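J.: only the shape, not the letters, is given here:
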């Protein structure tokens with residue numbers, strides 16, 4: 001029995017170590033958009049009409065391990081896997097095209113805020129439309145934070161708050177959109193899987209509890225259980241904790 005418990009601890013620690021090396025956790029943040037202008041019939045996209053004053057709910061998810069495609073320390077443009085989803089009764093989910101982080105010092109007219117922008121778009125997901133695109137912009141409370149991509153949800157929330165949101169749908173071969181939504185977005189929360197350090201602590205804690213239980217039994221009885229028995233009597237049963245859901249962030253976040 002003790003060998004099985006030791007094996008469980010080893011497997012759990014190995015799983016958490018492999019998970020931590022394999023991939024980073026996604027950044028996942030929820031947001032709300034207060035619509036300021038809407039033009040078009042949005043039943044196709046959101047399952048209900050959209051008017052000024054309505055609220056759309058959305059979620060931003062991206063891989064935080066991207067590297068910028070420029071060497072400008074004040075302008076960071078990234079191409080991470082991810083999605084931006086938003087809507088009302090129904091949601092639109094679009095793949096990320098680019099994520100940009102711009103330091104306020106890079107602007108020709110600084111306004112005292114750094115800016116995070118997630119741009120999405122597709123040419124094939126919606127029959128009857130040639131192109132659908134959206135943009136989520138988030139301003140920081142302070143300027144001068146650099147152009148590094150936020151690596152965790154808490155880092156994104158700590159630095160950026162809210163900003164303009166836009167959605168456009170273009171008919172085939174048309175330069176003017178037939179459907180437009182403009183609004184003001186704000187981050188409202190986040191959902192992130194436990195980081196590898198937390199999982200490692202969980203595994204270590206499991207092992208500590210197992211060993212403390214064995215040591216306590218030894219102090220009380222002077223014997224250790226062997227093959228599930230102690231002093232000729234049936235040993236106590238132990239329900240070992242399990243480590244579930246250890247998998248890559250990409251599979252769990254991008255379906």
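T.: Thanks, I have the structure now. This structure is a prediction, so every number in the text was calculated from the model and none was measured.

J.: low-confidence stretches in the protein?
T.: 1-23, 189-255 (pLDDT under 70).

J.: same thing but 80
T.: 1-24, 70-71, 189-255 (pLDDT under 80).

J.: how about the strands in it?
T.: Along the chain, counting by DSSP state E, strands occupy 27-39, 55-62, 75-78, 82-87, 91-102, 115-122, 131-140, 160-170, 179-190, 229-230, 233-234.

J.: tell me which residues of the fifth one are tucked away?
T.: By neighbour count with 16 or more other CB atoms under 10 Å, strand 91-102 contains the buried residues 92, 93, 94, 96, 97, 99, 100, 101, 102. Quick note: C-beta positions are derived from backbone N, CA and C, even for glycine.

J.: what about residue 37, neighbour count?
T.: When neighbours are counted by other CB atoms under 10 Å, residue 37 registers 12.

J.: again, but for the one 4 residues further on
T.: Around residue 41 there are 11 other residues, counting by other CB under 10 Å.

J.: ok, now the one 4 residues further on?
T.: Taking other CB under 10 Å as the neighbour definition, residue 45 ends up with a count of 22.

J.: try residue 126
T.: The tally of other residues near residue 126 (other CB under 10 Å) stands at 16.

J.: how near is it to residue 38?
T.: 17 Å (CB to CB, to the nearest Å).

J.: for residue 57, same thing?
T.: Distance from residue 57 to residue 38, by CB to CB: 15 Å.

J.: the two: who's more crowded?
T.: Neighbours were counted for residue 57 and for residue 38 using other CB under 10 Å; residue 38 has more, 21 against 14.

J.: what residues are up against the closest residue to the more buried one other than its chain neighbours?
T.: Ranked by CB to CB, 6 or more residues apart in numbering and with sequence neighbours excluded, the top spatial neighbour of residue 38 is residue 50, at 4.5 Å. If you count contacts by CB atoms under 8 Å, 6 or more residues apart in numbering, residue 50 has them with 35, 38, 42, 56, 88, 181.

J.: what about these, which one has the most neighbours?
T.: Busiest of those [other CB under 10 Å] is residue 181, holding 26 neighbours.

J.: that residue contacts residue 167, correct?
T.: Yes. Between residue 181 and residue 167 there is a contact under CB atoms under 8 Å: 4.1 Å.

J.: please name the residues that touch the nearest residue to residue 85 once chain neighbours are set aside.
T.: Using CB to CB, 6+ apart and skipping residues adjacent in sequence, the residue nearest residue 85 is residue 93, 3.9 Å away. By CB under 8 Å, 6+ apart, the contact list for residue 93 reads 83, 84, 85.

J.: so how far is residue 84 from residue 93?
T.: 7 Å.

J.: count the neighbours of residue 123 for me.
T.: Neighbour count of residue 123, defined by other CB under 10 Å: 12.

J.: same check, this time on the one 10 residues further on
T.: Other residues lying near residue 133 total 17 when counted by other CB under 10 Å.

J.: got it, and residue 179?
T.: By the criterion of other CB under 10 Å, residue 179 has 20 neighbours.

J.: ok, now the one 4 residues further on?
T.: The burial count assigned to residue 183 is 22, neighbours taken as other CB under 10 Å.
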